[in-house]
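S.K.: sequence first, predicted coordinates after that:
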Amino acid sequence: MSGASVIPVVSAMTPVGLADVLGQAALQTRVDRKYVVPVHALPDLLDRLTAYAQVLEIDGERSFRYESVYFDTPLLASYHCAAYRRRRRFKVRTRTYLDSAQCWLEVKISGARGSITKHRLPYQPQHRATVDPGRAFVDEALVREAVAPAAGSSLGPVLVTGYRRTTLLLPATASRVTIDTGLTWQDGDLVLRLPDLAVVETKTGSAATQADRLLWRAGLRPVRISKYATGLAALRPDLPDSPWRRTLRRHFQGGFAPVGTAPTTTPHRSVQEASCV
């Protein structure tokens, strides 16, 4: 199966609309567990999940293109908070749903016991490479969560990521599973592509999901991986990388390409927005 899409495998699943996904498992405050899974192992995993899962479908589509632009201070305060495992960490990004031309400015806060809180603001896609129009929102969210870079710090674009996402709803546990394939990272003139790997993420209130248990039985365990921090560490080997060193050595070797095939894509047709997933 190609990493570009998992649609052939999820075609047998019951479809579910965005409103139902958000109504049952919005999970703006949640616990995330992340796994790096070989693309060739996805069909068996998804087949075993069919009895427990429904798949997000919008306008007949079950796989959606995402682009995220991550912002940081000149001294990479967000990155270093993650690298040194600070208890309270922040991440600022724009996320663009390329198939619907919808965009959000997001502030993610990592807190105690792995909890994640996300603050989101509708954003203009043409502004996705800058936080300037939404800087007041970013500052207010960071102050509210008692986490912030140094006063007066600028926030500039540092890394662009791209991938395809399929989202599953597990109604019995009011949780979600996201499956990201076609993974790319761009930092300046360097692009990293990992077409043979998928990032599978379970998003739950606290307890493990059926997907977690299936992954465990397959010998896969949660790994430390952040699309921003791990990707930037792979592209900038001079940065501290202790939390993700094992993941980097096992999964991020090779895959570098010239910038001529950059992941950045212009959003196009207008369909219902695939937000919050």
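M.R.: Okay, I see it. Residues are numbered from 1 along each chain as shown.
S.K.: where does pLDDT dip in the stretch 151-277 of the chain?
M.R.: Within the stretch 151-277 of the chain, the stretches with pLDDT under 70 are 151-152, 254-277.
S.K.: the stretch 51-200 of the chain: strands as residue ranges?
M.R.: For the stretch 51-200 of the chain, applying DSSP state E, counting those that start in this stretch gives strands covering 54-56, 64-72, 89-97, 102-110, 115-123, 156-170, 175-187, 190-194, 197-204.
S.K.: now those strands as CSV including distance to His40?
M.R.: Placement of C-beta: from N, CA and C, glycine included. Converted to CSV, those look like this (distance: least, C-beta to C-beta, whole Å):
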stretch, distance to His40
strand 54-56, 20
strand 64-72, 22
strand 89-97, 27
strand 102-110, 31
strand 115-123, 29
strand 156-170, 16
strand 175-187, 11
strand 190-194, 14
strand 197-204, 10
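S.K.: turn these into CSV, including distance to Ala19 and mean neighbour count.
M.R.: As requested, the strands of the stretch 51-200 of the chain are exported to CSV (distance: least, C-beta to C-beta, whole Å; neighbours: other C-beta atoms under 10 Å):
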stretch, distance to Ala19, mean neighbour count
strand 54-56, 11, 24
strand 64-72, 16, 22
strand 89-97, 16, 23
strand 102-110, 15, 21
strand 115-123, 17, 16
strand 156-170, 11, 22
strand 175-187, 14, 24
strand 190-194, 33, 20
strand 197-204, 17, 22
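S.K.: looking at the ones you listed, which is nearest to Phe137?
M.R.: strand 115-123 (4.7 Å; C-beta to C-beta).
S.K.: who are the packing partners of the closest one?
M.R.: Packing partners of strand 115-123 (3 or more C-beta pairs under 8 Å, 6 or more residues apart in numbering; DSSP states H and E): strand 29-38, strand 102-110, helix 135-144.
S.K.: same list, the ones you listed, but as CSV with distance to Arg89 please.
M.R.: Listed next are the helices and strands packed on strand 115-123 as CSV, based on distance: least, C-beta to C-beta, whole Å:
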stretch, distance to Arg89
strand 29-38, 13
strand 102-110, 4
helix 135-144, 11
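S.K.: so which of these is nearest Ile179?
M.R.: Each of these was scored for nearness to Ile179 using C-beta to C-beta, and the closest is strand 29-38 (8.2 Å).
S.K.: run through who's touching the very next helix or strand once past that closest one.
M.R.: Using DSSP states H and E, the helix or strand that follows strand 29-38 in sequence is helix 42-49. Residues outside helix 42-49 that contact it (C-beta atoms under 8 Å, 6 or more residues apart in numbering): 1, 6, 9-10, 13, 37, 168, 177, 179, 181, 198, 200, 210-211, 214-215, 218.
S.K.: tell me where the model's unsure across the stretch 1-150 of the chain.
M.R.: For the stretch 1-150 of the chain, the ranges with pLDDT under 70 are 1-7, 25-30, 111-115, 150.
S.K.: try it again with 90
M.R.: 1-12, 18-32, 51, 60, 85-89, 100-101, 109-118, 142-150 (pLDDT under 90).
S.K.: for Arg224, find the nearest of the helices and strands packed on strand 115-123.
M.R.: strand 29-38 (7.8 Å).
S.K.: what are the pairing partners of that closest one, and which direction each?
M.R.: Using DSSP bridges, the strands paired with strand 29-38 in its sheet are strand 115-123 (antiparallel), strand 197-204 (antiparallel).
S.K.: give me the nearest residue to the residue most central in space within the chain, chain neighbours excluded.
M.R.: The centroid of the chain falls nearest to Lys227 when counting by C-alpha atoms, centre = their mean (6.3 Å). If the residues on either side of it in the chain are set aside, Lys227 comes closest to Thr161, at 5.0 Å by C-beta to C-beta, 6 or more residues apart in numbering.
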